[in-house]
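*Asks:* show me the folded form of this:
(2 chains)
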Amino acid sequence: MIPVAQAAQPLSFWQAEPGSTRMWLLILAAVVVGFLVVAALLRAPTRARPVIVSTVTFLGGLYFVLHFLWPTAQDYSPDEVPRNAVEGFSFWLQGTLPSVTAFAQSLGAMLLGIGIYSLLSIHLGRLLKRQKDWFFSLVFTLSMAAMILFGYWDWISRLTPEGARAAAETPSVFPHFAKDLLFGGLFINMDAVMFSIIAFFIFSAAYRAFRIRSVESTILLGTALIVMLGLMGGVVVSQDSLLNSIAQPGESVIVDSLRLPTIRSWIQDNLQSPSIRAMEFGLAIGGLAMALRLWLSIEKGVSH
Amino acid sequence: MAEQTDAPKKSIGEILQSANRTFLYLILFLVVSASLVVTQLRKVEVPTRPEPYTIEAYKILRNVPEGGVVIVDTGFTNSSRGENGGQMEALLRILMRSGAKFAVLSWVEPQCIEIARGFIRRINEERRAAGEPEYREWYDYLILGFFPDGPTMLQTVHQNVREAWKTRQATDPTTGEKRSVFESPVLDRVQRIEDVYAYVTLSASGTMPTIVARIGKQVKVISMITGVMFPEQLNYFKSGQLKGLVNGLSGCVELEWLMEKGIDAQGVVGGNAPGRPVAAAFPGAKNFDRGMAYYLALHSALTLLILAVAVGNVGMWLTNRSRKR
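*Replies:* From the prediction side, this is the model:
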């Protein structure tokens, strides 16, 4: 076994032990710096703002483009000394990736915060002004507050090291019960109900719309029928047993060709997969074009 | 006057085409509910025939060496619990019975981790009831937590897994202190992502290509997905980028079927060929659960769907025929 001390990587300037004072100070500093940057951006001349945003976007994108395209060293170690400028730049790209990743994680976490802020500003505004459907906003706000309260209460009382120690001696039942009731009892089931309702709509829509009106719809219906039958293991096994009484697998090409999995595989391999592959290629090229437009700030609405 | 108010009598064809929506909903509700109840009461086991991609997934998971590490990337919420939930339970059962160690992470939604915790708790309770040792956090499994930016995290994992997760901590029960996850018996031997035996992603969305593009060449990636996402991901299995694939509820049942029947030395599912099996079964253990519990209901719902489409089309054909006359 490799000793942990040898294998553990030291924390960079941008990282801190979870729960440490340094971590809280870094968070505080990041929030203050973030507010200052936003305030500075707001005070910047209107013409300068798109330039700043475009430059930051371009540099952010450039880093990952270079990381992807620049030759990288295999089994890179921070202790290694580069032999030339190309390798030096490669080492810099590889060495800075963890810090960039940490920054991206923090940015992603802040986006969650912005999402919560956005939801609350809309619903609290509607609630305070007693606008249309204010009652739903009230339900949302109360549900969110309850989930946050009991979620954190349960977390602190059971899952932190101090909480776990205390819970081992005197288990705190109420927060755990409340969180389980909200999450396991209500949320999980309501979420599942929302998804299962789709089955009713699909059933009704298939009955009304799936008609043999043309050659195309007949092909579609036939294919759907085979795929649906192929999904039913009971039908597949029964049909297999029936066909086995005529000929064992491998004995007759004709009988083998009539087996549901064979037909379904043929449809999947020769019709479905190539079509999806083609669509995926198209989507990827479209995505690449869109990414380029965003990276170079050509897309309107990004920096304008 | 009376003739004017009387509604024209509907033909059989028209009746067959105009079933009330509430009636359709009620039939579906009754049929699916009855199937679920019957499965529970009679312990119905509907036979199935595992697909090659499920077999490959099982072969990998069943052969994780004792103490081998598997990363469980959970990306599903309660909306796809019906499919991914059963897959997760089957996966946990296989890993725990094989003595594998696993680490759970997510980069799709923060609640995925909480949902995964619930599944681990449930399987642990099942093990306790069966008199088997429970899986303990820190010693046997780890919760790495939520990563708000998955693609960059995976990019760092590709380069240096220890850098990617170095700030992640878990409570060491012996000291009661938080320590680096790399000090835990689960990850202490993992220096590079190649040291991980398999990376399993459970998702209801298209997260798999992001994983395959970054670490697919370094570690065996297995995808457990919903039926809707399956056709898209099949391409990745066919190209060899995915080493195993589990397709929705039917895939979950196939996995349970393989756990029950195993794959013998000649590669036959449920066979008895002498020699070391390719992927052994778990005889006498609880193998059929959530997948099989819903399988009869899936059969009933699909049969009903086929019948409804057939009835609608027969109705249209009868109506067209009477019009031509």
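*Asks:* for the closest residue to chain A within the stretch 201-325 of chain B, which non-adjacent residue is closest in space?
*Replies:* At 4.1 Å from chain A, B:A308 is the closest residue in the stretch 201-325 of chain B, using Cβ to the nearest Cβ. The C-beta positions use only the backbone N, C-alpha and C, and glycine is treated the same way. Distance criterion Cβ to Cβ, 6 or more residues apart in numbering or on different chains; nearest residue to B:A308, sequence neighbours excluded, is A:Y207 at 4.1 Å.
*Asks:* is it true that that neighbour touches B:L24?
*Replies:* Yes. Counting by Cβ atoms under 8 Å, A:Y207 does reach B:L24; the two are 6.2 Å apart.
*Asks:* okay, and the common contacts of these two?
*Replies:* When contacts are counted by Cβ atoms under 8 Å, 6 or more residues apart in numbering or on different chains, the set common to A:Y207 and B:L24 consists of B:A308.
*Asks:* when those two are compared, which one has more neighbours?
*Replies:* Remark: of A:Y207 and B:L24, A:Y207 carries more neighbours, 23 against 19, as counted by other Cβ atoms under 10 Å in any protein chain shown.
*Asks:* roughly how far apart are that one and B:N20?
*Replies:* Per Cβ to Cβ, to the nearest Å, A:Y207 is found 11 Å from B:N20.
*Asks:* which ones are touching the residue nearest to B:A308?
*Replies:* B:A19, B:L24, B:A308, B:V309, B:V311, B:G312.
*Asks:* and for A:F103?
*Replies:* Residues in contact with A:F103 (Cβ under 8 Å, 6+ apart) are A:W14.
*Asks:* does the single nearest residue of the stretch 51-200 of chain A relative to chain B belong to a helix or a strand, and which?
*Replies:* With Cβ to the nearest Cβ as the measure, A:G108 is the residue of the stretch 51-200 of chain A nearest to chain B, at 2.8 Å. Using DSSP states H and E, A:G108 sits in helix A:85-128.
*Asks:* show me the shaky parts of the stretch 51-200 of chain B.
*Replies:* Along the stretch 51-200 of chain B, no part satisfies pLDDT under 70.
*Asks:* near chain A, which residues of it? Just list them.
*Replies:* For the stretch 51-200 of chain B, the contact set with chain A under Cβ under 8 Å from any Cβ of the partner chain comprises B:51, B:77-82, B:110, B:114-115, B:118, B:147-149, B:152-153, B:155-156, B:159-160, B:162-164, B:166-169, B:171, B:173, B:176-178, B:180, B:182-183, B:188-189, B:191.
*Asks:* how many neighbouring residues does A:S77 have?
*Replies:* 10.
*Asks:* does it sit in a helix, a strand or a coil?
*Replies:* Of the three states, A:S77 takes coil under DSSP: H, G, I helix; E, B strand; the rest coil.
*Asks:* got a list of what it touches?
*Replies:* Contacts of A:S77 by Cβ under 8 Å, 6+ apart: none found.
*Asks:* SS state for the residue of the stretch 101-250 of chain B found nearest chain A?
*Replies:* The stretch 101-250 of chain B approaches chain A most closely through B:P148 (2.8 Å), counting by Cβ to the nearest Cβ. Under the three-state scheme (three-state DSSP), B:P148 adopts coil.
*Asks:* and for A:I263, the neighbour number?
*Replies:* A total of 16 residues lie near A:I263 under the criterion other Cβ under 10 Å.
*Asks:* hang on, it in a strand?
*Replies:* No. Under three-state DSSP, A:I263 sits outside any strand and is assigned helix.
*Asks:* doesn't B:T171 belong to a helix?
*Replies:* No. Under three-state DSSP, B:T171 falls outside any helix and is assigned strand.
*Asks:* please name the nearest non-neighbouring residue to it.
*Replies:* Closest to B:T171 by Cβ to Cβ, 6+ apart is A:P161, at 4.9 Å.
*Asks:* close enough to count as contact, the one you found and B:K178?
*Replies:* Yes. Here A:P161 reaches B:K178: they are 5.6 Å apart, a contact under Cβ under 8 Å.
*Asks:* overlap of the contact sets of these two?
*Replies:* Counting by Cβ under 8 Å, 6+ apart, the residues touching both A:P161 and B:K178 are B:T171.
*Asks:* for the stretch 201-304 of chain A, what spans make up the helices?
*Replies:* A:215-231, A:233-244, A:253-257, A:260-267, A:273-295 (DSSP state H, counting those that start in this stretch).
*Asks:* and A:Q15, how many residues sit next to it?
*Replies:* 18.
*Asks:* so what's B:D73 up against?
*Replies:* Counted by Cβ under 8 Å, 6+ apart, B:D73 has contacts B:L105, B:S106, B:W107, B:Y199, B:V200, B:T201, B:L202, B:S203, B:T207, B:I211.
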